[in-house]
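> here is my input; please provide its structure:
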Amino acid sequence: MSAVKKLPEKLEPLPAISPFRSLTNPSYKIKEKSHPLPPPAVFKENFSVIDTWPATHIAHTAPTAIKASLTANANVFITAAPEQPRKPHYLEQLESYLHHELRLLRCPEKGPSLTRLQVFREVFEYLINDFKTYQHLLAAIKQEYELVLRDQEEKLKEVDPLRAQLDKLMEANDKRLQDLRQLETAEVEQLKSEKQALVDELDASKEERYSLKRQIERLQEEVEKQYQLYRNEADARKMLVADINELKYRVDAPSAIKSESSTGKDDTTLIKFKLNKTKEDLAKLQDKLNDVLADYGDVVPRREYERLEGLHTTNSESLERYKTDYNSLIKEHQTLLDQHKLMSAERDEFSHELGLMKRSATPRPEWEQAVPYIEGGEAAWKEISAGKSSNQLVGILIGSLIGKEHSGPVEEFFEGEGTEPPIPKYLRWTGKVRNRNLSKADTAQLIQDIWNQKIVSDTEKEHGTDLADFLHSYLQQKYQEDLLVVEWGYNIHHACGLYRNEPHIGLFYETLTGDADDSVYSVLCTQHDALLTHLYQASLKYDSEGSLLVKNIQPLLQAFFPLKESGDIDELMGTFSDTDKVNVKALFNTERDGNLSEFLKTLYNQFYKERAQYVKDLHTSLVSICSSDKKEYNIQDLCKAFEITDPEKNSKDVNKLLAKVFNLNLDQLSSVGPVDRELLLQRLKSSGLIRSGPKGV
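You can find the predicted model right below:
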């Protein structure tokens with residue numbers, strides 16, 4: 001083996017060199033901000049030799065501390081205790097600088113921190129630069145650590161988007177889980193309510209079953225008592241018959257004994273023995289007869305049994321035959337129902353096509369139907385209609401129906417009212433517009449379609465649209481061309497004004513011109529639908545076709561309109577004076593000529609009358625609250641008037657009504673100032689005001 005060179009026990013001290021000579025401008029960066037370091041002289045004044053520490057030999061051991069003490073014999077006892085080894089000066093300066101920088105930068109004492117890492121990195125660089133012998137190794141170690149740290153930072157940067165995406169997914173999942181929990185909670189609550197309803201129904205069934213069981217037991221006890229009475233009475237009757245027979249025997253016995261004594265020579269003792277024996281036999285036979293009558297008193301004779309059995313067989317055969325017929329009838333009924341569904345679908349399709357044809361096509365009028373409405377009859381009509389066009393004939397008919405004011409010829413064109421902003425959008429036009437001469441039926445059908453479309457539009461929006469603006473948008477959506485939009489707008493406006501004597505057309509005209517609020521139609525529709533449902537459900541008890549006898553309608557109307565006076569109910573009943581039976585749905589339908597039924601007209605008129613009386617009562621209450629000479633009222637006065645006039649109307653309904661009257665939101669009512677009396681009464685008269693209960697005292 002080759003000789004191995006023996007290593008020295010201790011390395012030679014390094015030559016005196018400056019530990020910071022390799023750093024020209026000492027500094028370090030934290031978050032892209034550079035921080036300068038103090039000059040190297042601050043750390044080290046004179047280092048000619050790097051000390052080793054901890055010191056293990058005497059050369060680096062500090063002087064010992066000497067202690068002197070007296071013993072019990074007055075002798076001096078001297079002891080020397082070595083002091084703790086002292087750290088090298090360079091190490092103390094590095095540690096002092098490290099603690100100073102950590103405290104200056106306010107680094108946390110524990111845990112990972114980039115600032116803390118930067119301070120330790122700078123101190124480690126100082127240490128590397130001073131130890132030249134191990135500089136390459138320490139620098140390589142530091143470089144590996146830096147590479148690992150940089151790689152970890154890059155991975156963290158890649159992880160951050162994934163973490164953000166994960167947070168979003170967790171948030172979405174939490175929201176979805178919360179929604180599912182709410183849905184599950186709602187379903188659980190519904191199932192609990194259904195369970196409670198079933199439990200209540202089961203308890204009611206148990207109580208009813210227990211009650212029926214008690215009744216059965218009571219009836220069984222009564223039957224037993226009656227049967228016992230019957231048995232006692234039967235036994236008493238049997239005993240009475242036996243006593244009567246015995247008395248008869250006693251009456252007849254002396255004569256028989258006398259005859260036997262006169263003729264025979266039998267012994268008296270033997271006769272008595274035979275008599276007793278006979279009585280015993282008779283008693284046994286009587287008991288046996290009573291038992292037979294008691295046991296077989298309810299037995300049916302065989303002849304009656306055979307007759308009943310034959311009758312039962314005949315009835316069973318008839319029942320089987322009836323069941324077969326019933327099953328065949330059920331099948332035929334199901335077939336008829338299927339056919340009825342098909343026919344109903346075809347009928348609805350044809351009805352829809354008919355409606356489309358009515359709206360799009362213009363059938364030729366039958367002018368002969370106008371003869372009864374013309375003075376002078378058929379001769380006068382022939383004279384008037386000779387050589388006239390259809391448009392001129394319409395003008396003649398309108399003139400004869402509504403008076404001399406419209407008796408002239410019908411204009412073929414309307415004059416445009418202009419394009420100024422006060423004019424409604426559907427009437428803004430300059431020039432002539434063709435007159436289509438809409439009939440009452442066409443006008444009513446158009447109005448109904450416009451109302452239906454507006455209800456759907458208002459349901460989708462938070463706030464309703466004014467009817468005039470909605471009519472313009474409705475016509476634009478339907479016809480798209482400006483000329484057709486204006487033409488139909490003028491014709492609808494003119495036809496509504498012409499036929500405004502009909503309640504439903506007049507209400508549309510007032511709403512269109514701003515004299516009535518949209519809520520009036522909503523209130524009337526709600527009331528009419530509820531009344532139709534009320535009458536139709538009652539009619540199903542008497543007739544499957546939905547018809548009612550007139551005598552059965554009055555109590556139904558009184559129950560539905562508890563606030564109406566008897567005179568109003570009689571007025572409604574007066575519309576049925578010419579019939580004994582009415583179809584409920586026909587009462588609420590519009591006739592082919594566009595007119596309403598007399599019943600529906602009366603409902604409209606009574607609504608207007610009741611609303612006017614309601615407004616009058618509110619005015620009276622306002623006068624009693626304030627004074628008669630007050631010209632303006634505030635919201636608080638009006639709320640008090642509602643409490644007096646209609647105490648059953650809650651504050652929430654009152655606020656909704658006031659918001660509708662003043663065209664405001666609920667949160668804006670408190671900011672409304674005093675309102676002129678006439679303006680307030682006019683707005684109330686044009687609203688859908690309806691009484692909730694009887695008038696207060």
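
> can we go C-alpha only for contacts and neighbour counts from here?
Fine.

> and M239, what element?
Assigned by DSSP states H and E, M239 belongs to helix 135-263.

> can you name the next helix or strand after that helix?
Heading C-terminal from helix 135-263, the first helix or strand you meet, by DSSP H and E, is helix 268-295.

> so that following helix versus helix 135-263, what angle?
Interaxial angle of helix 268-295 relative to helix 135-263 (axes from the mean of the first three to the mean of the last three Cα atoms, to 10 degrees): 150 degrees.

> so how far is the next helix or strand after helix 268-295 from its chain's centroid?
Next along the chain after helix 268-295, taking DSSP H and E as the criterion, comes helix 302-360. Relative to its chain's centre, helix 302-360 lies at 40 Å (Cα atoms, centre = their mean, to the nearest Å).

> kindly report the same for stretch 594-602.
Stretch 594-602 sits 35 Å away from the centroid of its parent chain (Cα atoms, centre = their mean).

> likewise for stretch 599-606?
Its chain's average C-alpha position is 33 Å from that of stretch 599-606, according to Cα atoms, centre = their mean.

> pull the CA atoms of it into PDB?
What follows is stretch 599-606, C-alpha atoms only, in PDB (Å, rounded to 0.1, in the frame of the first residue of the first chain):
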ATOM      1  CA  PHE A 599    -125.700  39.900 -17.700                       C
ATOM      2  CA  LEU A 600    -122.100  41.100 -18.500                       C
ATOM      3  CA  LYS A 601    -123.300  44.600 -19.400                       C
ATOM      4  CA  THR A 602    -125.100  44.800 -16.000                       C
ATOM      5  CA  LEU A 603    -121.900  43.800 -14.200                       C
ATOM      6  CA  TYR A 604    -120.000  46.500 -16.000                       C
ATOM      7  CA  ASN A 605    -122.600  49.200 -15.100                       C
ATOM      8  CA  GLN A 606    -122.800  48.000 -11.500                       C
END
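
> just the buried positions in that stretch, please.
For stretch 599-606, the buried set under the neighbour-count rule, 16 or more other Cα atoms under 10 Å, comprises 599-604, 606.

> of these, which belong to helices?
Using DSSP state H, the subset of the buried residues of stretch 599-606 located in helices is 599-604, 606.

> before we move on, back to that, tabulate the buried residues of stretch 599-606 in CSV, adding columns for distance to L467 and pLDDT.
As requested, the buried residues of stretch 599-606 are exported to CSV (distance: Cα to Cα, whole Å; pLDDT from 0 to 100):
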residue, distance to L467, pLDDT
F599, 27, 86
L600, 23, 86
K601, 23, 87
T602, 25, 88
L603, 23, 87
Y604, 20, 87
Q606, 24, 85
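
> pLDDT of the helix holding M239, averaged?
Throughout helix 135-263, pLDDT has a mean value of 85.

> coming back round to it: need the buried residues of stretch 599-606 in JSON lines with distance to R121, can you?
JSON lines is the format used below for these (distance: Cα to Cα, whole Å):
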{"residue": "F599", "distance to R121": "99"}
{"residue": "L600", "distance to R121": "96"}
{"residue": "K601", "distance to R121": "98"}
{"residue": "T602", "distance to R121": "99"}
{"residue": "L603", "distance to R121": "95"}
{"residue": "Y604", "distance to R121": "94"}
{"residue": "Q606", "distance to R121": "96"}
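
> which strands and helices sit next to the helix holding M239?
When contacts are defined as 3 or more Cα pairs under 8 Å, 6 or more residues apart in numbering; DSSP states H and E, helix 135-263 sits against helix 114-130.

> now the helix it packs on, how far from the centre of its chain.
Averaging C-alpha positions (Cα atoms, centre = their mean) puts helix 114-130 69 Å from its chain's average.

> next: stretch 292-308.
68 Å.

> can you dump the C-alpha coordinates of that stretch into CSV?
C-alpha atoms of stretch 292-308 as CSV (Å, rounded to 0.1, in the frame of the first residue of the first chain):
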residue,chain,number,x,y,z
VAL,A,292,-137.6,-27.6,18.6
LEU,A,293,-139.5,-24.3,18.2
ALA,A,294,-136.6,-22.3,19.7
ASP,A,295,-133.9,-24.1,17.6
TYR,A,296,-135.7,-24.3,14.3
GLY,A,297,-137.9,-21.2,14.5
ASP,A,298,-135.7,-19.3,11.9
VAL,A,299,-135.1,-22.3,9.6
VAL,A,300,-136.3,-21.8,6.0
PRO,A,301,-138.5,-24.6,4.6
ARG,A,302,-136.9,-26.6,1.8
ARG,A,303,-139.4,-25.6,-0.8
GLU,A,304,-138.7,-21.9,-0.1
TYR,A,305,-134.9,-22.6,-0.1
GLU,A,306,-135.1,-24.2,-3.5
ARG,A,307,-137.2,-21.3,-4.9
LEU,A,308,-134.6,-18.8,-3.6
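
> appreciated, that's everything.
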